[in-house]
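1. Quick check, what structure comes out for this input:
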Amino acid sequence: MAKPWKTIESIDTDEGVLELRQRDERDFLITVGGLVLMNSMANRSEVVLGQLGCKHLQNHPAPRVLVGGLGMGCTLRAVLDSLPATAEVVVAELNPVVLEWCRGPLADLTAGAASDPRVTVEIVDVAERVRRAAKAPAAEHFDAIVFDLYKGPHFRTDARKDPLYGSRAIENAHAALKPGGVFSIWGENYDEGFDKRLCAAGFSVKHERPGRGGLRHVVFVAARQESVAKPSVRRKPSSRR
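-> Predicted structure coming up:
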């Protein structure tokens, strides 16, 4: 018989009561308004998200990565394990209590990922953080942007104005990445419209469904292509006089 859940902490938010629950040493839930956001025993897609988003940076001398959403820190752990010791990782998280949980009762799940010296956590909306990076000098752009948010893209997403998955937001992500950078996004299901918007913004896109059974979420991997200088075309002198 399963043990009952124990509520460790709960706080009021604009989307309902946010709670951290536990029933075994490594068995945790984060819920909001009674809906399960994260489960520490079912996080394979979050781990694969971090791995695929940073796979191209393993041998990079000093990569810069932006992670949108801290959650339980599972994606962040996968990101860190894919990066060298010289990496700089910025995490954009809306709620400071989530950071407290990741550095407190959830820390053992991720070997203290949120306290890693490579990590800086900013309490900010990730959409705003991406916009800021898009307008910044090239040196402040990122080699990877990883979105691990509990609401992924879906068919009801406003194709233009959605602050995370609309075409304007995608253009900002493209501008915030260095050439060759990767934008990876967690989704509950595949969304064709989002895929098309990524391609229209100049990304090369693939997607994967991690796992072999049960509920399989989607990971979008969108690569910004290296800038290629267009060859100059010399015009022949006109024969007219």
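2. Find the nearest non-adjacent residue to residue 17, please.
-> The shortest distance from residue 17 to any non-neighbouring residue, by Cβ to Cβ, 6 or more residues apart in numbering, is to residue 10 (5.3 Å). Just so you know, the C-beta spots here come from the backbone N, C-alpha and C atoms, and that holds for glycine as well.
3. likewise residue 52?
-> The nearest residue in space to residue 52 (Cβ to Cβ, 6+ apart) is residue 221, at 5.0 Å.
4. list the contacts for that neighbour?
-> 52, 53, 182, 184, 205, 206, 207, 208 (Cβ atoms under 8 Å, 6 or more residues apart in numbering).
5. how much space between it and residue 186?
-> As for residue 221, its distance to residue 186 is 11 Å (criterion: Cβ to Cβ, to the nearest Å).
6. sorry, back to before: in three-state terms, label the residue nearest to residue 17 for me.
-> Of the three states, residue 10 takes strand under DSSP: H, G, I helix; E, B strand; the rest coil.
7. what's across from the spatially most central residue of the chain in the sheet?
-> Taking Cα atoms, centre = their mean, the centroid of the chain lies closest to residue 147, which sits 1.8 Å from it. Counting by DSSP bridges, residue 147 forms beta bridges with residue 68, residue 185.
8. from memory it sits against residue 68, does it?
-> Yes - assessed by Cβ atoms under 8 Å, residue 147 is found in contact with residue 68 at 4.4 Å.
9. Tell me who's in contact with the residue nearest to the centre of the chain.
-> Taking Cβ under 8 Å, 6+ apart, one finds 68, 69, 126, 164, 183, 184, 185, 186 in contact with residue 147.
10. As TSV, those with pLDDT and neighbour count would be great.
-> Shown next, in TSV, are those (pLDDT from 0 to 100; neighbours: other Cβ atoms under 10 Å):
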residue	pLDDT	neighbour count
68	98	25
69	97	22
126	98	26
164	98	19
183	98	26
184	98	26
185	98	28
186	97	26
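11. one step back: my guess is the residue nearest to residue 17 meets residue 18, correct?
-> Yes - taking Cβ under 8 Å as the definition, residue 10 is a contact partner of residue 18 at 6.7 Å.
12. which of the two has more neighbours?
-> residue 18 (20 against 14; other Cβ atoms under 10 Å).
13. Now stretch 14-24: buried residues?
-> 18, 19, 20, 21, 22 (16 or more other Cβ atoms under 10 Å).
14. any chance of those in CSV, plus secondary structure?
-> Below are these laid out as CSV (three-state DSSP):
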residue, secondary structure
18, strand
19, strand
20, strand
21, strand
22, strand
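15. Closest to residue 154 out of these?
-> Nearest to residue 154, judged by Cβ to Cβ, of those is residue 18 at 21.7 Å.
16. Using PDB, list the CA coordinates for stretch 171-184.
-> Output of stretch 171-184 as PDB, limited to C-alpha atoms (Å, rounded to 0.1, in the frame of the first residue of the first chain):
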ATOM      1  CA  GLU A 171      12.700  35.400 -32.900                       C
ATOM      2  CA  ASN A 172      14.000  36.700 -29.500                       C
ATOM      3  CA  ALA A 173      15.500  33.300 -28.700                       C
ATOM      4  CA  HIS A 174      17.200  33.200 -32.100                       C
ATOM      5  CA  ALA A 175      18.700  36.600 -31.500                       C
ATOM      6  CA  ALA A 176      19.800  35.700 -28.000                       C
ATOM      7  CA  LEU A 177      21.800  32.600 -29.300                       C
ATOM      8  CA  LYS A 178      25.300  32.700 -30.700                       C
ATOM      9  CA  PRO A 179      25.600  31.100 -34.200                       C
ATOM     10  CA  GLY A 180      25.500  27.400 -33.800                       C
ATOM     11  CA  GLY A 181      23.600  27.700 -30.600                       C
ATOM     12  CA  VAL A 182      20.700  25.400 -29.600                       C
ATOM     13  CA  PHE A 183      17.200  26.200 -28.300                       C
ATOM     14  CA  SER A 184      15.700  23.100 -26.700                       C
END
